[in-house]
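Asks: any chance you could fold what I've pasted below:
(chains A, B, C and D)
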Protein chains: 2
Amino acid sequence: MSAEPVSRRARPAKAPLSRDAIIEAGLRILDRDGLEALTMRRVAQELDTGAASLYVYVKDRDDLMAAMLDEALGRVGFTAEGTWQERLRALVDSATEEMSRHEGLALVALGSIPTGANALLVLDRMLALLKEGGLDDTTATWAVDLIYLHITAGGAEQSAYNTKGMEQNAHIAEVDRHYAALPADRYPMITSMREELLSGGDRERWGLQVLINGILNTPVHQ
Amino acid sequence: MSAEPVSRRARPAKAPLSRDAIIEAGLRILDRDGLEALTMRRVAQELDTGAASLYVYVKDRDDLMAAMLDEALGRVGFTAEGTWQERLRALVDSATEEMSRHEGLALVALGSIPTGANALLVLDRMLALLKEGGLDDTTATWAVDLIYLHITAGGAEQSAYNTKGMEQNAHIAEVDRHYAALPADRYPMITSMREELLSGGDRERWGLQVLINGILNTPVHQ
DNA sequence: CGATCGTGACGAACAATGTTCGCTCATGGC
DNA sequence: GCCATGAGCGAACATTGTTCGTCACGATCG
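Replies: Coordinates of the predicted model:
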């Protein structure tokens, strides 16, 4: 439809297709129009080509999303200042931020052992920081597992909030009404603590500190 | 195709459609054939009806999956024995188990504030246990947030491992080869700790203990 | 006992998706 | 100047979620 067959020759020398170009285009669409707009046809359109052409450089949609995730993780920043705990917090915050910035990418990371070059770089850096903190090898690896899981989960949660239909205030108000209508005999704690439940506060920062303190205080008895 | 128009009257009095029947059928399919088999047509087929009929009782596929999740959470068991920490561990283990038993359901929970009747029951029980442990209201609510996030993430991870194509041993061996081939100068920690990284051990149990110890040792400075 | 009527059920259709199959044609080496 | 190579691409296919108009069943009313 609306073909208007412009000869490829006539086009202003467009950048040739490449895996990187596809990944970049995918991220652009994901950021601009959200996860449900990330279709193969839409990515191809962004590159002024057809969907079939993408499959030369990308195995399938999952492969593309995994590559996009690793590309995003390549933008995680490393700091050289502060104690190891401060640097770890900065690293985790940056990774969480990067994952939540692009809707849906965090879900790709959940439940697949990381193998991407940039994901592994993040893991390596985290391991180094934990070793600097004096942890033994076993504890350090288990801790990295746990923290990485926390990053992906936090990213997924954040990402969902960022893009959930209506602006989040309206949604929270709705949940609040729902909680308020609960029978107090069946949900005694929730009804009595409702106000605290939906209140603000820097839970993200507290949660990471919980992990760090817990890791330092929980021996691995294998 | 293969219509064989059996009059509905001739059929042995089939159970009438209902929201619960649809949810049960969905869980049966999810358990038997996995997430990608959970299509509206397939659920309808399980109930010997057409896909369109489901929409009387279910808003859309997301609504169905949310209902399935809550139904699954209804099977979480509560123990009355042991210290509050032991009971909390049992509760979390049961919830994680229930989420990971049904592929993909944990992802539904990620990034949506829980509102299902059974999900709230789990939260209420967790709050009670944490209060029993002596936590103040703010810490308890933040802790429940964190633990619930941990449950969903752990469930999603477990669920992915349970159903990831090939049997997981082959997959782990493949990842191991991948790690072994990494350049040691770029990934010094990973290459030197490769053995620990993919080794076993009860990381799940340790992770939860980390959360508990961390929660008990991390003050909320609001 | 028979006509009526509402409502749950359903077949068919629609728009959109991921993916594959061959054909086309520009390009680079002889 | 020609030809083979391979990237690019249109069209097609199988499926998906969802909606629409129709239909038959069973209860209700006369």
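Asks: rest of the way, CA atoms for contacts and neighbours
Replies: Noted.
Asks: you'd agree A:Ile212 is up against B:Gly214?
Replies: Yes: taking contacts as C-alpha atoms under 8 Å, A:Ile212 lies within contact range of B:Gly214: 7.3 Å.
Asks: these two - which one has more neighbours?
Replies: B:Gly214 (25 against 21; other C-alpha atoms under 10 Å in any protein chain shown).
Asks: which stretches of chain A form helices?
Replies: A:19-33, A:40-46, A:51-54, A:61-73, A:84-101, A:105-109, A:117-132, A:137-163, A:168-180, A:188-192, A:194-197, A:203-217 (DSSP state H).
Asks: among those helices, which comes closest to B:Thr49?
Replies: helix A:61-73 (32.3 Å; C-alpha to C-alpha).
Asks: where does chain A have low pLDDT?
Replies: A:1-16, A:164-167, A:222 (pLDDT under 70).
Asks: 90 - rerun?
Replies: A:1-19, A:36, A:46-54, A:56, A:103, A:110-112, A:158-174, A:198-201, A:221-222 (pLDDT under 90).
Asks: center of it, which residue is that?
Replies: A:Met99 (2.2 Å; C-alpha atoms, centre = their mean).
Asks: can you tell me how far it sits from A:Ala160?
Replies: A:Met99 is 11 Å from A:Ala160, where distance means C-alpha to C-alpha, to the nearest Å.
Asks: same thing with A:Leu182?
Replies: 25 Å.
Asks: higher neighbour count, the two?
Replies: When neighbours are counted by other C-alpha under 10 Å, A:Leu182 and A:Ala160 differ, and A:Ala160 comes out ahead with 19 against 15.
Asks: so who does the nearest residue to that one once chain neighbours are set aside touch?
Replies: Using C-alpha to C-alpha, 6 or more residues apart in numbering or on different chains and skipping residues adjacent in sequence, the residue nearest A:Ala160 is B:Gly111, 5.1 Å away. B:Gly111 is in contact with A:156-161, counting by C-alpha atoms under 8 Å, 6 or more residues apart in numbering or on different chains.
Asks: same list (these) but as CSV, adding distance to DNA strand D.
Replies: Formatted as CSV, the contacts of B:Gly111 follow (distance: C-alpha to the nearest atom of the strand, whole Å):
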residue, distance to DNA strand D
A:Ala156, 21
A:Glu157, 22
A:Gln158, 23
A:Ser159, 21
A:Ala160, 18
A:Tyr161, 20
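Asks: out of these, who's the most crowded?
Replies: A:Ala156 leads these on contacts (other C-alpha under 10 Å) with 30 neighbours.
Asks: quick check: it touching B:Leu110?
Replies: Yes: counting by C-alpha under 8 Å, A:Ala156 touches B:Leu110, with 6.7 Å between them.
Asks: count of neighbours near A:Arg75?
Replies: Count around A:Arg75 with other C-alpha under 10 Å applied: 12.
Asks: from A:Ala153, how far out is it?
Replies: From A:Arg75 to A:Ala153 the distance is 19 Å (C-alpha to C-alpha).
Asks: what do you get for A:Asp124?
Replies: 20 Å.
Asks: so between these two, which is more surrounded?
Replies: A:Ala153 (29 against 20).
Asks: which residues sit in contact with the closest residue in space to that one that isn't next to it in sequence?
Replies: Of all residues not flanking A:Ala153 in the chain, B:Ala153 sits nearest, at 5.7 Å (C-alpha to C-alpha, 6+ apart). By C-alpha under 8 Å, 6+ apart, the contact list for B:Ala153 reads A:110, A:149-150, A:153, B:106-107, B:110.
Asks: just the buried members of those?
Replies: A:110, A:149-150, A:153, B:106-107, B:110 (16 or more other C-alpha atoms under 10 Å in any protein chain shown).
Asks: how close does A:Ser53 sit to DNA strand C?
Replies: For A:Ser53, the distance to DNA strand C (C-alpha to the nearest atom of the strand, to the nearest Å) stands at 7 Å.
Asks: and if you look at A:Asp20?
Replies: Taken as C-alpha to the nearest atom of the strand, the span from A:Asp20 to DNA strand C is 17 Å.
Asks: ok, A:Asn118 next?
Replies: 23 Å.
Asks: cool, A:Leu129 as well?
Replies: 38 Å.
Asks: any idea how far B:Glu157 is from that residue?
Replies: If you go by C-alpha to C-alpha, the gap between A:Leu129 and B:Glu157 works out to 25 Å.
Asks: which bits of chain A sit near DNA strand D?
Replies: A:8, A:16-18, A:48-53, A:56 (C-alpha under 7 Å from any atom of the strand).
Asks: which of the residues you listed fall in strands?
Replies: Judged by DSSP state E, the subset of the residues of chain A next to DNA strand D located in strands is empty.
Asks: type out the PyMOL command that picks the buried ones from those residues.
Replies: Filtering those down to the buried ones (16+ other C-alpha under 10 Å) takes a single PyMOL command:
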select buried, chain A and resi 17
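Asks: pull the most distant pair out of the residues of chain A next to DNA strand D.
Replies: Maximum distance among those (C-alpha to C-alpha): 18.8 Å, for A:Arg8 and A:Val56.
Asks: count of neighbours near A:Leu64?
Replies: Neighbours around A:Leu64, by other C-alpha under 10 Å: 21.
Asks: likewise for A:Arg32?
Replies: 12.
Asks: and it, how close does it get to A:Glu103?
Replies: Where A:Glu103 is concerned, A:Arg32 sits at a distance of 10 Å (C-alpha to C-alpha).
Asks: hang on, the earlier thing: just the buried ones among the contacts of B:Ala153 now: which is nearest DNA strand D?
Replies: DNA strand D has its nearest neighbour among those in B:Leu107, at 15.7 Å by C-alpha to the nearest atom of the strand.
Asks: got the contact list for that closest one?
Replies: A:107, B:152-153, B:156.
Asks: relative to A:Val122, how far out is A:Val108?
Replies: In terms of C-alpha to C-alpha, A:Val108 sits 16 Å off from A:Val122.
Asks: err, A:Asp137, not the other one
Replies: For A:Asp137 relative to A:Val122 (C-alpha to C-alpha), the value is 17 Å.
Asks: show me the contacts for A:Met65.
Replies: Per C-alpha under 8 Å, 6+ apart, neighbours of A:Met65: A:105, A:108.
Asks: contacts only, for the nearest residue to A:Phe78 once chain neighbours are set aside.
Replies: Residue nearest to A:Phe78 in three dimensions, not counting chain neighbours: A:Leu91, with 6.2 Å by C-alpha to C-alpha, 6+ apart. Residues in contact with A:Leu91, defined by C-alpha under 8 Å, 6+ apart, are A:76-79, A:126.
Asks: good, wrapping up.
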